[in-house]
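Asker: Sequence plus predicted model, see below.
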Amino acid sequence: MIARTSRRARSRTRRGATLIELLIASVMLVVAIGGLLNTSAEIAEQMGGSRHQLIAASVAQARLDSLASISCNALGAGALSSGTGVTRGIAESWTVTRTTYARQISLTLTLPRRKQTFRYSTLVPCA
């Protein structure tokens, strides 16, 4: 004869989750949340770097424009052959190299905290 279990006994065994199942589920949840936090930290860091690069590009553009607006005879002579400065927290240094028909302006920017360096260069034609 086949032993039958009562309905009450079967319902007791199926009711709820076991402790092991709860532990596994909570570990999976913690791993998923940890992954999301790590990803969001990376995204925030990349966005901060992009902001610094944008500021550096605008500082470079302003410096190159101000040096390019100087006449070719004055540019690269004496005090205007090189210089340094700090603009919006970004250290900058520039040099002007004289050639026969142009002036080459080389600009180096160093971002604070990141110690990341950007180099820009342009030619200013002399008529």
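Answerer: Cool, the structure landed.

Asker: what separates the residue nearest the centre of the chain from Thr122, distance-wise?
Answerer: Centrality entry for the chain: nearest residue to the mean C-alpha point is Gly49, 2.0 Å, by C-alpha atoms, centre = their mean. Gly49 sits at a distance of 24 Å from Thr122 (criterion: C-beta to C-beta, to the nearest Å). Where C-beta positions appear, they are placed from N, C-alpha and C, glycine not excepted.

Asker: quick revisit: so the residue nearest to the centre of the chain touches Phe118, yeah?
Answerer: No - distance between Gly49 and Phe118: 11.8 Å, which falls outside the contact criterion (C-beta atoms under 8 Å).

Asker: in this structure, which spans are helices?
Answerer: With DSSP state H as the criterion, the chain has helices at 7-14, 19-68.

Asker: Could you say which of those helices is packed most deeply?
Answerer: helix 19-68 (a mean of 12; mean count of other C-beta atoms under 10 Å).

Asker: low pLDDT regions in the protein?
Answerer: In the predicted model of the chain, residues 1-15, 48, 79 satisfy pLDDT under 70.

Asker: For Val96, list each beta-bridge partner.
Answerer: Per DSSP bridges, the residues bridged to Val96 are Ile105.

Asker: now Thr110
Answerer: The residues listed as beta-bridge partners of Thr110 by DSSP bridges are Ala91, Thr117.

Asker: Fine by me, we can end here.
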